[in-house]
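Engineer: Just need the structure, nothing else, for what follows:
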Amino acid sequence: MLLFVYGFCGYPGQFFMFKVLQERYKYSTLEVTAITVGGGLVSIFAYVSAGKLSDRYGRRPILSVVYFLFFAFLITFYNSDGGFFTVASWVIFAASMFGLDVLNSTLVSEIFPTKCRATATTIAVIVGIIGTVAGIFVEGALYAEYRDHWKAITIVAIPGFACIGLVWLLPEPAFNDLSSL
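Structural biologist: Okay, the predicted model is just below:
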C-alpha cells in the first residue's frame, strides 16, 4: 500500500519536475542543467545521509521525515514563484526523492526473508508502477478539467502525506534480528 500511494501521489510530480522549470518558470536548458547538477550533488549527500540516519534512528522515523519533506517540497515547488525559493524547493524535493529510493529499497529488502526477497521486491516494484500509472492517469484527468498541470499535480500529491502514517504500519527492521520479522 505504501509504495502504491507513493507512486500514485509522487510520480506525477517527478515526471514533470524538469518540464515545469522550463515551461512555467522559463529557465533555459543551461539553467535547468545547472540546477540539476547542483541538486544532484545535494542528492548524493541526502542519499548517504538517509541511509546512515535510518541505521542510527530506525527506518520508520527517518522514512516519515523524508516522506514529509518529499511531499511538502513537491507541493511547494509546484506552487512557488519561480525565484530562488523555486530552486531551493526543487533541490529539497529531488534530494528527498533520492533519499526515499534508498529507504524504500532498504525497507523492502529487510522485512522479507531471504528465500522470498526477490519475489517481494518484484511485487513491490509492480505495485509502485501500478500506483504511478494510476496517478499519472488521474493527473491527466485533472489536467483535462483544470488545464493546469501544476494544479493537477498538487491535487494528486496532497494525499501522499498518508505515507507518513503508512510507514508506521510496517515492521521496524532496524535494531532487530531480521529473522524475527
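
Engineer: This protein: helices as residue ranges?
Structural biologist: Taking DSSP state H to define them, one finds helices in the chain at 2-15, 19-23, 29-57, 59-78, 84-111, 117-146, 149-157, 162-166.

Engineer: can you redo the ones you listed as a markdown table with mean neighbour count?
Structural biologist: For the C-beta atoms, the positions are set from N, CA and C on the backbone; glycine is no exception. Putting those into a markdown table (neighbours: other Cβ atoms under 10 Å) gives the following:
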| stretch | mean neighbour count |
| --- | --- |
| helix 2-15 | 23 |
| helix 19-23 | 16 |
| helix 29-57 | 15 |
| helix 59-78 | 22 |
| helix 84-111 | 20 |
| helix 117-146 | 15 |
| helix 149-157 | 21 |
| helix 162-166 | 17 |
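
Engineer: for stretch 3-13, what is the average pLDDT?
Structural biologist: Mean pLDDT, stretch 3-13: 95.

Engineer: So which residues make contact with it?
Structural biologist: Residues outside stretch 3-13 that contact it (Cβ atoms under 8 Å, 6 or more residues apart in numbering): 67, 70-71, 74, 77-78, 93, 97, 100, 104, 108, 124, 127-132, 134-136, 138-139, 152-153, 156-160, 162-163, 166.

Engineer: for stretch 68-81, same thing?
Structural biologist: 9-10, 13, 17, 20, 85-86, 89-90, 92-93, 96-97, 99-100, 150, 153-154, 157-158, 160-161, 163-164.

Engineer: what do you get for stretch 45-57?
Structural biologist: 62-63, 66, 95-96, 98-103, 106, 174.

Engineer: Farthest-apart pair in these, please.
Structural biologist: Using Cβ to Cβ, the pair of those lying farthest apart is A95 and A174, separated by 21.3 Å.

Engineer: quick one on the thing from earlier: go through the contacts of stretch 45-57 and say which is closest to S28.
Structural biologist: A95 (22.7 Å).
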